[in-house]
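Colleague: kindly generate the corresponding structure for this input.
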Amino acid sequence: MKSKLLSTIILLVLSFCFIGCNEVQRIDTVNDEGKEVMDLDYRDFDLVAGKMAESILTSGILDNNGNKYVISTGQILNLTTRRIDTPALRVKIEEEIINSGQAIMTSAVGGKNSLDPMVHNIRDVRDSDYGDEFKDDTISGKGNLIAPDLNISGRIFHREIVSHEKAELHANDNSARWNSDKRIQREYYFQLMITDLSSGLRIWQKEILIGKRGNNKAAGYLKTR
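Modeller: Residues are numbered from 1 along each chain as shown. Prediction:
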């Protein structure tokens, strides 16, 4: 009797585990047919980064008589009321620029999230009391860093518009209540610019709008400009 009960419990546990595992689904990032969400997700960042990078690479601003500009990434400010992973946008744009072969990105200077601390850490080691422990030809000397020619910076901000398109009177159990159909429209503005650090002149600028509209029950939809 006990063995039969134990077998039943084991089968139930395995069944729940199997059901739980089936609830996990890998996202096809190439052809994601999942519903849109009101907040920003990876599809929005891919879209914005792709359009920004395409505009930069086809604008002609990186033409430098056969030489490659060195580009730094400064601050991309999040001026929204939501937590937005701005490095996700930055990394995708930098990746497109680097892979194009038209320019080189620097990790020596720039915004907080675009620096590689080891660039300066190794120089602190060089100038420290135990810097002599390293071979001279294996540690970076002074005057080797290359300053950027151009800098990318920008900001993200959003507006939210709430409207009540209709209201209906519902009767239930001799009580009445009004149910309003609240519609929410969120507009996310991505604005980037590139500045020539030598002259201070702005040589490129672009804005992309991601707009989403829905209600408390709807996933909303996406519009781009």
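
Colleague: quick one, what contacts the nearest residue in space to Gly131 that is not next to it in sequence?
Modeller: Closest residue in space to Gly131, ignoring its immediate chain neighbours: Val125 at 5.8 Å, by CB to CB, 6 or more residues apart in numbering. Just so you know, the C-beta spots here come from the backbone N, C-alpha and C atoms, and that holds for glycine as well. When contacts are counted by CB atoms under 8 Å, 6 or more residues apart in numbering, Val125 is found next to Gly131, Phe134, Ile139.

Colleague: for Val125, grab phi and psi.
Modeller: With angles defined as degrees, to the nearest 10, Val125 sits at phi -60, psi -40.

Colleague: ok, and the closest non-adjacent residue to Ser140?
Modeller: Ile122 is the one closest to Ser140 (CB to CB, 6+ apart), at 5.8 Å.

Colleague: count of residues packed around that neighbour?
Modeller: Using other CB atoms under 10 Å, Ile122 has 13 other residues around it.

Colleague: same thing with Thr86?
Modeller: Neighbours of Thr86 using other CB under 10 Å come to 19.

Colleague: for the spatially closest residue to it that is not a sequence neighbour, name its beta-bridge partners.
Modeller: Excluding the flanking residues, the one nearest Thr86 by CB to CB, 6+ apart is Ile76, at 4.5 Å. Taking DSSP bridges as the rule, Ile76 bridges to Gly154.
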